[in-house]
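Trainee: Show me the folded form of this:
(one chain, ligands or ions: 1)
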Amino acid sequence: MEKILIIGCKRAMNEVCIGCSRCLVAFNRREGKFGDYPKDAQILGLLSCGDCPGSTIVTRLAQVKLWNSPMQEVPTRVHISPCITDHCPHADEITAKIKNKAGIKVISGTHEYIPEKIFAGP
Ligand code: SF4
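Mentor: Modelled structure (predicted):
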């Protein structure tokens, strides 16, 4: 069974995209970058980068392993959310660190619910 860990921007998660709902809706609907997952796939967690400049991300990955080990829950896929891939000035470095250390498949992207124009349309 696939267990997905989503990694996002701390500042966006705390102050902009409250609740990370677009990532979760996309997963529940199997849309965006979640389109190929089977019904039994699960979200294991939503992890922030740890704040600018994302220098603690590897430690935070290790914490995910530590805190989930009593339940034998281990992520099988990492998704890096658009708040990092599309907006973070440190995105390349953070992504490289995650890819180097995760030891599992890392996918850039989650949901694709990005409004094109703020004041036009619904
Ligand atoms: S390092 Fe990037 S992803 Fe992390 S809080 Fe700063 S802007 Fe957001």
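Trainee: Okay, strands next: where are they in the protein?
Mentor: Under the criterion DSSP state E, strands of the chain are mapped to 3-8, 42-48, 77-80, 105-108.
Trainee: wait, what's in contact with Val74?
Mentor: Contacts were defined as C-beta atoms under 8 Å, 6 or more residues apart in numbering; by that measure Val74 touches 3, 44, 65, 68. C-beta: built from backbone N, CA, C; applies to glycine.
Trainee: Of those residues, select the buried ones using a PyMOL command.
Mentor: Buried members of the contacts of Val74, defined by 16 or more other C-beta atoms under 10 Å, are picked up in PyMOL with:
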select buried, resi 3+44+68
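Trainee: What is the nearest of the contacts of Val74 to Asn100?
Mentor: Lowest distance from Asn100 to these (C-beta to C-beta) belongs to Lys65, with 15.5 Å.
Trainee: Might you list the low-confidence residue ranges for this structure?
Mentor: Low-confidence segments of the chain, defined by pLDDT under 70: 121-122.
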